[in-house]
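Participant: here you go, sequence then predicted model.
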Amino acid sequence: MKRIISNFIIIALSAMTIESYSQEKLPFNDLSKAESNVINNKGTETPFTGKYVNNKEKGTYICKKCGAALYYSSDKFESDCGWPSFDDEIKGAVKRTPDADGIRTEITCTACGAHLGHVFTGERFTSKNIRHCVNSVSLDFVPEILEPGRFGSAIFAGGCFWGVEYYLQKEPGILSVTSGYTGGHVKNPSYKEVCTGKTGHAEAVKITYDPRKTSYEKLLRLFMEIHDPTQIGGQGPDIGDQYRSEIFYLNDSQKAIAENNISILKAKGYKVATKVTKASEFYDAEKYHQDYYFNNGKLPYCHGYTKRF
């Protein structure tokens, strides 16, 4: 995302002290005795018995213990080893630790330490030449086409989607955050088109979350605390209608929650500029925008946590 920022602004932003967003530990799921034996005690399930060995659905594999996203279905392949096999993980989601005997390398969930299995190289199953051999019981699966009522969704726009995505990904119960464009009148716009300010779209994020671990209201409040909801026509140094603050509601309940929380902030003296709009079609942004800060090792320059509720 190309931006022109004066040296003065860069220096000023570097000198700012922004209160960091401290993430609480993900709440753990209850495990059966068999699941605990593998996940907590580093056991191994019997080969060819796991529910995901032959699963070919599109979606995301998440940690059974904490719900953190681990693998995409696009990285799953057939190895005939008896356990689900992947040749890549979601960046930063999986930790590698050599076994005490020095022969194999264990893989665990970075977020909670749950035992997943082992990783092997040099087998030449795929061009990446790596195999994550994972126990099915260590995983849960979120299908690309979600079952109605099982998972929640939310769409927020608050400046550059990189920063909004970065902070919301840290919230317990979040299954996925996708950067994209919504609220405009051009079908399937490109980033370049949106940047002209002529398509009507806002840079936004689409969130999928587990209602057992978090709620729409909690996510909305966090959203209102990681960007400046009082700024009109942009966010920080990013100026333009595509950087506006806006909540896109998916149903009447979300609309009521949004309006109520905006009223709370106004009662506290905040001149809230955030719009509340019925959601329209959401278009995923280009691949290089997804997980931007995580993939590039940088930190948000125009987002930070400020307690408002």
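Facilitator: Looks like it came in fine.

Participant: and the nearest residue to Glu35 once chain neighbours are set aside, which of the three is it?
Facilitator: Leaving aside its sequence neighbours, Glu35 sits nearest to Val137 (C-beta to C-beta, 6 or more residues apart in numbering; 4.9 Å). In short, each C-beta sits where N, CA and C put it, glycine included. Recorded secondary structure, Val137: helix (DSSP: H, G, I helix; E, B strand; the rest coil).

Participant: for Glu123, give its distance to Phe86.
Facilitator: Look at Glu123 and Phe86: by C-beta to C-beta, to the nearest Å, they are 13 Å apart.

Participant: quick one: which of these two has more around it?
Facilitator: Phe86 (28 against 13; other C-beta atoms under 10 Å).

Participant: which one is Ser136 nearest to, not counting chain neighbours?
Facilitator: Closest to Ser136 by C-beta to C-beta, 6+ apart is Gly50, at 2.6 Å.

Participant: correction: the previous question concerned Leu175.
Facilitator: Nearest non-adjacent residue to Leu175, counting by C-beta to C-beta, 6+ apart: Thr208, 4.6 Å away.

Participant: which SS state does that neighbour fall under?
Facilitator: Under three-state DSSP, Thr208 comes out as strand.

Participant: which strand or helix spans the residue nearest to Ser136?
Facilitator: Following DSSP states H and E, one finds Gly50 outside all helices and strands.

Participant: just Ala204 next, same as before
Facilitator: With DSSP H and E as the criterion, the answer for Ala204 is strand 202-209.

Participant: that strand packs against which elements?
Facilitator: Helices and strands touching strand 202-209, by 3 or more C-beta pairs under 8 Å, 6 or more residues apart in numbering; DSSP states H and E, are strand 152-158, helix 161-168, strand 174-182, helix 216-226, strand 245-249.

Participant: could you pull out the helices in this structure for me?
Facilitator: Here the chain has its helices, by DSSP state H, at 7-15, 33-39, 161-168, 191-195, 216-226, 252-267, 292-296.

Participant: other SSEs contacting the fifth one?
Facilitator: Contact analysis of helix 216-226 by 3+ C-beta pairs under 8 Å, 6+ apart lists strand 152-158, helix 161-168, strand 202-209, helix 252-267 as its packing neighbours.

Participant: show me what counts as buried in it.
Facilitator: Buried residues in helix 216-226, defined by neighbour count with 16 or more other C-beta atoms under 10 Å: 216, 219-226.

Participant: of these, which is the nearest to Pro189?
Facilitator: Within the buried residues of helix 216-226, distances to Pro189 taken as C-beta to C-beta reach their minimum at Phe223, with 22.6 Å.

Participant: quick one: the closest one and Gly240, what's the gap?
Facilitator: 20 Å.

Participant: repeat that for Phe282.
Facilitator: For Phe282, the distance to Gly240 - C-beta to C-beta - is 19 Å.

Participant: for Ser138, same thing?
Facilitator: 44 Å.

Participant: can you check Arg221 too?
Facilitator: Relative to Gly240, and taking C-beta to C-beta, Arg221 is found at 26 Å.

Participant: and Ile232, by the same measure?
Facilitator: Relative to Gly240, and taking C-beta to C-beta, Ile232 is found at 11 Å.

Participant: so between these two, which is more surrounded?
Facilitator: When Ile232 and Gly240 are compared for neighbours, Gly240 comes out ahead with 16 against 10, by other C-beta under 10 Å.

Participant: OK, contacts around that one?
Facilitator: Gly240 sits next to 195, 197, 233-234 when contact means C-beta atoms under 8 Å, 6 or more residues apart in numbering.

Participant: how is the protein partitioned into domains?
Facilitator: 33-43+51-143, 146-296 (automatic domain parsing).

Participant: redo these as a markdown table? Include mean pLDDT and distance to Cys302.
Facilitator: Shown next, in a markdown table, are the domains of the chain (pLDDT from 0 to 100; distance: least, C-beta to C-beta, whole Å):
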| stretch | mean pLDDT | distance to Cys302 |
| --- | --- | --- |
| domain 33-43+51-143 | 93 | 23 |
| domain 146-296 | 93 | 3 |
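
Participant: CSV for the ones you listed, including distance to Thr306?
Facilitator: Output for the domains of the chain, formatted as CSV (distance: least, C-beta to C-beta, whole Å):
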stretch, distance to Thr306
domain 33-43+51-143, 25
domain 146-296, 6
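
Participant: surely Leu31 meets Lys65?
Facilitator: Yes. With contacts counted by C-beta atoms under 8 Å, Leu31 reaches Lys65, the gap being 6.7 Å.

Participant: any shared contact partners between the two?
Facilitator: Ile39.
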